[in-house]
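Undergrad: How does the following fold in three dimensions:
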Amino acid sequence: MANGKEIKMKLPSADDLFSTQEQRDEEKRENVRDIAITEISDFPNHPFKVKTDDKMLEMVDSVKEHGVLIPALVRTKPEGGYEMVAGHRRKMASELAGKEDMPCLVRSLSDDEAILIMVDSNLQREEVLPSEKAFAYKMKLEAMKRQGRRNDLTSVPVGPKFRSNAELAKNSEDSITQIKRYIRLTELILPILDMVDEGKIAMRPAVELSYLSKEQQEQLFDTIKMEDCTPSHAQAIKMRQFSEKGSLNSDVILSIMTEGKPNQAEQFKMPKKRIEKYFPKGTPSKKMEETIIRALELLRKREREKDRER
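TA: This next block holds a predicted model:
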């Protein structure tokens, strides 16, 4: 106490007491080091799928022969260890190649900075699934909105009119409209989203279907399986309209899905109830049709054989 005033002194930290300034500077500096794979955890909610496909097996062979040529990017975790930011495929390849560690660039990153780098590095791949883009764009857009008060993402001051969508589209091959469509896909249930990834449902009808409730989407997926069909854009729009009116149910979905599509050739139709008793319960309509066709072909073949014997 001096002249009635309390004098506060800042005590040095343990790091300051037991490490040199050179050591502290080195810890802050970016550097590449070999890190044990077991110390590296995956990025939380990583939207990109890491699959053991042919390309992965090629990468494994390369890692076995040459090692990891391009270091992965990681950041330190407060509780210890590291978190992968960019390099999940290289990590899996290293694991499959029997490696115990891999070269990594260690960088100090905030959560949002890490999200932006993780998304951008993966969107550069040649093949990116619609579901991967959907969740990646959503994560990046949310991160950019959180950074909207700062000047981290643009060269001009960021104000109330900050346009995250426009900023996101600047560094993307997709337009603002297309990015919005991708983000809508995150509202789809997983089985329908998988059909989008597999190319069975196109982007525009998928976007319309994303406005259906989860229960309605489940009913639609059941109908897709039973009838072995997929919705056209017009059918998806119609289902969305019924949903918005509060009148979409399984019967309405079945009625819409069994309507003839404008570009379809004229088809011969038979009530399903007349033939389903001849098939195991749950047999898809397409399977029934194929079985009937094979039976008719076999019948015609036998009739021809009888004609030749006469």
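Undergrad: any idea how far residue 58 lies from residue 65?
TA: Residue 58 is 11 Å from residue 65, where distance means C-beta to C-beta, to the nearest Å. All C-beta spots, glycine's among them, are computed from the backbone N, C-alpha and C.
Undergrad: and those two? which has more neighbours close in?
TA: More crowded of residue 58 and residue 65, by other C-beta atoms under 10 Å: residue 58, with 11 against 8.
Undergrad: Now the more buried one: which helix or strand?
TA: Taking DSSP states H and E as the criterion, residue 58 maps to helix 54-66.
Undergrad: What lies in contact with that helix?
TA: 50, 69, 89, 90, 92, 93, 94, 96, 97, 98, 99 (C-beta atoms under 8 Å, 6 or more residues apart in numbering).
Undergrad: export those residues to a markdown table and tack on pLDDT and distance to residue 141?
TA: As requested, those are exported to a markdown table (pLDDT from 0 to 100; distance: C-beta to C-beta, whole Å):
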| residue | pLDDT | distance to residue 141 |
| --- | --- | --- |
| 50 | 88 | 23 |
| 69 | 91 | 32 |
| 89 | 93 | 24 |
| 90 | 95 | 27 |
| 92 | 94 | 27 |
| 93 | 95 | 30 |
| 94 | 95 | 32 |
| 96 | 93 | 33 |
| 97 | 94 | 36 |
| 98 | 93 | 39 |
| 99 | 93 | 35 |
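Undergrad: Can you tell me which of those residues are buried?
TA: Using 16 or more other C-beta atoms under 10 Å as the burial test, those include 89, 90, 92, 93, 94, 96, 97, 99 as buried.
Undergrad: tell me the contacts of the closest residue to the first one other than its chain neighbours?
TA: If I follow you right, that is residue 89. In space, and not counting its chain neighbours, residue 89 is closest to residue 50: 5.6 Å by C-beta to C-beta, 6 or more residues apart in numbering. Neighbouring residues of residue 50 by C-beta under 8 Å, 6+ apart: 56, 88, 89, 92.
Undergrad: Secondary structure element holding the closest residue in space to residue 106 that isn't next to it in sequence?
TA: In space, and not counting its chain neighbours, residue 106 is closest to residue 74: 5.8 Å by C-beta to C-beta, 6+ apart. Here residue 74 is covered by strand 72-76, with elements defined by DSSP H and E.
Undergrad: so what strands line up beside that strand?
TA: If you go by DSSP bridges, strand 72-76 pairs up with strand 82-86 (antiparallel), strand 101-106 (parallel).
Undergrad: coming back round to it: help me confirm that the residue nearest to residue 89 is found in a strand?
TA: No: using DSSP: H, G, I helix; E, B strand; the rest coil, the secondary structure at residue 50 is coil, not a strand.
Undergrad: can you give me phi and psi for it?
TA: The phi and psi values for residue 50, taken as degrees, to the nearest 10, are phi -110, psi 110.
Undergrad: isn't residue 275 right up against residue 288?
TA: Yes: Residue 275 lies in contact with residue 288 (C-beta atoms under 8 Å); the separation is 6.2 Å.
Undergrad: can you redo the strands paired with strand 72-76 as TSV with mean neighbour count?
TA: Below are the strands paired with strand 72-76 laid out as TSV (neighbours: other C-beta atoms under 10 Å):
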stretch	mean neighbour count
strand 82-86	21
strand 101-106	20
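Undergrad: Which of those sits closest to residue 296?
TA: When the strands paired with strand 72-76 are compared for distance to residue 296 using C-beta to C-beta, the nearest one is strand 82-86, at 57.2 Å.
Undergrad: Give me the contact list for whatever helix or strand comes next after that closest one.
TA: Under the assignment DSSP H and E, the closest C-terminal helix or strand after strand 82-86 is helix 88-96. The contact list for helix 88-96, computed with C-beta under 8 Å, 6+ apart, reads 37, 40, 42-43, 46, 48, 50, 52, 56, 59-60, 62-63, 68, 70, 72, 84, 101-102.
Undergrad: give the contact list for residue 223.
TA: Residue 223 touches 250, 253, 254, 257, counting by C-beta under 8 Å, 6+ apart.
Undergrad: same deal with residue 103?
TA: 32, 33, 34, 35, 67, 68, 71, 72.
Undergrad: beta partners of it?
TA: residue 34.
Undergrad: where does the stretch 1-150 of the chain have low pLDDT?
TA: Applying pLDDT under 70 to the stretch 1-150 of the chain flags residues 1-30, 148-150.
Undergrad: before we move on, back to that, out of the contacts of helix 54-66, which one sits closest to residue 207?
TA: Distances from residue 207 to the contacts of helix 54-66, taken by C-beta to C-beta, are shortest for residue 50, at 26.6 Å.
Undergrad: Brilliant, that's me finished.
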